[in-house]
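Student: Sharing a model that was predicted from the sequence below.
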Amino acid sequence: MLDIMENITLLPSGCLFSQDVTYFCPFIGAMRGTVTVTNYRLFFKSFVLDMPLGVVSRVEKIGSASNRGDVSYGIVCKDMRNLRFAHKQMEDTLRKSIFEVLMKFAFPVSNGLQIFSFEYGQVFPENGWKVYDTLSEYKRQGIPNESWRITKVNDHYELCDTYPSTLVVPVNIPDEELKRVAAFRAKGRIPVLSWIHPETQATVTRCSQPMVGVNGKRSKEDEKYLQAIMDANAQSHKLFIFDARPSVNAAANKMKGGGYESEDAYQNAELVFLDIHNIHVMRESLRKLKDVVYPNIEDSHWLSNLESTHWLEHIKLILAGALRIADKVESGKTSVVVHCSDGWDRTAQLTSLAMLMLDGYYRTIRGFEVLLEKEWLSFGHRFQLRIGHGDKNHTDADRSPVFIQFIDCVWQLTRQFPAAFEFNEYFLVTILDHLYSCLFGTFLCNSEQQRLKERTVSLWSYINSQMEEFTNPLYVNYSNHVLFPVVSLRHLELWVGYYIRWNPRMRPQEPVHQRYKELLAKRAELQKRVDELQRDVTNRSASSSSERPGSPTRSITPVQTFV
């Protein structure tokens, strides 16, 4: 027992340090090293392995490892990897101690503790919580105008506790009517404006399902409200309602009091179902994908195994739905209403992707941060429930990779339009890493009302302090260009740089973002040389002109360089 304790060093907050631990690497094999478990991370060295405890889904005692005489524990992670460590059998007490510390700090919510982000106090040059200002973003879009107004009816979250405090609604609908519309929409999530076309005034609005039930209940206030949305766009006398769900699922929701809009009740409205499956189907699809890609890939059955997960099919349906929305707004000059059941999962995927296609601002680094703050965080995507921050209940039916699918879709767009996005792949991977890490407060909680910005650090504070790390050197700022991606399965790929990044055989020898940095530096060097040459030519031209007073002036065409 004394020998065991000699190998344990207590760190602050009861953390542990243990030597002579075996890590069973699925790619290299067993290796001995030192494990350190703090209240934020697990670190293993000789082979460098550094893992935030926020990514832990569950910890399992495995017991004796037969002929080795070891006792071990496994860690199942949310980021597509599993880890296994072992101690010698005589050190079972040590293993239990580390197991207990892991359970304590990986699942602070289940143990009545604070998530680590509330203890993290790093100061950055910029306050990332100020990236998104609601009124400034709507002003950028030209709101308020003669058709749309800003309302504070939800200032204290009394109309809808999962919506932001500031909402944009049709100008001719008073606040009292908004309350009656809220009574007819699931969770009170009324149709509100997300984006308006700067030229045609066609809009993207989002909401939850109408509460029609099996008896086909109607609401004259809701019908008037959607008519007002259509009337706000003089370019079209039609309104498209995009329901993210399969029609069968939407119909089944009538049994629970929900449902969908009847085209008889909503004049000049066309209802379109987008066939995107629910959170449970997506959770199972990701589980199957993890089985296929980790730890080893079965090369001979790779394509059939990947197909069996249906992951790329789901990505296709989400992208196809967003494309239909963007096309109706841009090409059809028609306003759209988007919803699923509650309006905080598939709805967020669709509106944010459509806005990414329609508006080049959201394809910049800061614009993308604003998009996430607006469409995901302020409009109440349930990050706490979907990710399960600090909660040991890994079988919770509310867990689902909704946000991961969205980021995957964004990555697919960057593959098809490599010069259209200011950010690189490393930016997207970093966002997903900190979706789980619990280092920052950005992805905590389920709504704007719950989020305690002043007590945590924003992820954007970190990212915006080193923008060069996340910048795409191929970026060309064509802000008015609308993206119309090809959403055929033939043009979609599995995101190897995220899902299979832990496999050293699948990683490039050199990190892609490092190559990006080198390209940026090279471009800056070349641009500096071009500027010097232009100044030299200009000086020579001026000198020549002064020596020959009668000679005509030559114009210099600026030289452009592209990486």
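Tutor: Looks like it came in fine. Residues are numbered from 1 along each chain as shown.
Student: where does the chain have low pLDDT?
Tutor: By pLDDT under 70, the low-scoring segments of the chain are 1-14, 63-70, 90, 452-453, 507-513, 545-563.
Student: can you list the domain ranges for it.
Tutor: By the record's domain assignment, the chain is partitioned as 2-106, 128-499 (automatic domain parsing).
Student: show me where the stretch 351-500 of the chain has helices.
Tutor: Per DSSP state H, counting those that start in this stretch, the stretch 351-500 of the chain carries helices over the ranges 365-371, 383-387, 402-416, 425-437, 459-463, 496-499.
Student: Please name whichever of the domains of the chain is nearest to Ala542.
Tutor: Distances from Ala542 to each of those were compared using CB to CB; the shortest belongs to domain 128-499, at 31.9 Å. Where you see a C-beta, it was placed from the backbone N, CA and C, and this is true even at glycine.
Student: Identify each buried residue in the helix or strand hosting Leu323, please.
Tutor: For Leu323, the element it lies in under DSSP states H and E is helix 311-330. Burial within helix 311-330, assessed by neighbour count using 16 or more other CB atoms under 10 Å, is assigned to 311-312, 314-330.
Student: Stretch 160-179 too?
Tutor: Taking 16+ other CB under 10 Å as the basis for neighbour counts, the residues of stretch 160-179 that come out buried are 160-171, 173, 177-178.
Student: Just the residues you listed: which are in strands?
Tutor: When the buried residues of stretch 160-179 are checked against strands using DSSP state E, the ones located there are Leu167, Val168, Val169, Pro170.
Student: mind pulling up the phi and psi values for Val192?
Tutor: Listed backbone geometry of Val192 is phi -130, psi 160, with angles given as degrees, to the nearest 10.
Student: in the sheet, who's paired with it?
Tutor: Arg206 (DSSP bridges).
Student: What residues does it make contact with?
Tutor: The contact partners of Val192, by CB atoms under 8 Å, 6 or more residues apart in numbering, come to Tyr163, Leu167, Val168, Val169, Thr205, Arg206, Cys207.
Student: how much space is there between the third one and Tyr138?
Tutor: For Val168, the distance to Tyr138 (CB to CB, to the nearest Å) stands at 6 Å.
Student: cool, and the fourth one?
Tutor: Val169 sits 12 Å away from Tyr138, taking CB to CB as the criterion.
Student: gap between the residue lying closest to Leu353 once chain neighbours are set aside and Asp398?
Tutor: Computed as CB to CB, 6 or more residues apart in numbering, the closest residue to Leu353 that is not its neighbour in sequence is Ala322, at 3.5 Å. Note on Ala322: its distance to Asp398, by CB to CB, is 24 Å.
Student: How about Glu91?
Tutor: Glu91 is 38 Å from Asp398, where distance means CB to CB.
Student: Spit out the residues that contact Val168 and Tyr138 alike.
Tutor: Pro144, Ile150.
Student: elements contacting whatever helix or strand Ser544 lives in?
Tutor: Element membership of Ser544, judged by DSSP H and E, is helix 512-547. Other helices and strands packing on helix 512-547, by 3 or more CB pairs under 8 Å, 6 or more residues apart in numbering; DSSP states H and E, are helix 425-437.
Student: Centre of the chain to the helix it packs on, how far?
Tutor: Mean C-alpha position of helix 425-437 versus that of the full chain (CA atoms, centre = their mean, to the nearest Å) differs by 8 Å.
Student: Equivalent analysis for stretch 474-483, please.
Tutor: Shown here is stretch 474-483, whose average C-alpha point lies 21 Å from the average C-alpha point of the whole chain (CA atoms, centre = their mean).
Student: How about it, which residues are buried there?
Tutor: The neighbour-count criterion (16+ other CB under 10 Å) identifies Leu474, Tyr475, Leu483 as the buried residues of stretch 474-483.
Student: With stretch 451-468 instead?
Tutor: Quick answer for stretch 451-468 (16+ other CB under 10 Å): Arg451, Thr456, Val457, Ser458, Leu459, Trp460, Ser461, Tyr462, Ile463, Asn464.
Student: could you dump these to JSON lines with distance to Glu298?
Tutor: JSON lines is the format used below for the buried residues of stretch 451-468 (distance: CB to CB, whole Å):
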{"residue": "Arg451", "distance to Glu298": "43"}
{"residue": "Thr456", "distance to Glu298": "42"}
{"residue": "Val457", "distance to Glu298": "42"}
{"residue": "Ser458", "distance to Glu298": "41"}
{"residue": "Leu459", "distance to Glu298": "36"}
{"residue": "Trp460", "distance to Glu298": "40"}
{"residue": "Ser461", "distance to Glu298": "42"}
{"residue": "Tyr462", "distance to Glu298": "38"}
{"residue": "Ile463", "distance to Glu298": "37"}
{"residue": "Asn464", "distance to Glu298": "42"}
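Student: which of the residues you listed lies closest to Phe124?
Tutor: Of all those, the one sitting nearest Phe124 is Ser461; the distance, using CB to CB, is 3.9 Å.
Student: Tell me where this structure has strands.
Tutor: With strands called from DSSP E, the chain shows them at 16-25, 29-37, 41-45, 49-52, 56-64, 70-77, 82-88, 148-151, 167-170, 192-196, 203-206, 239-243, 269-273, 335-339.
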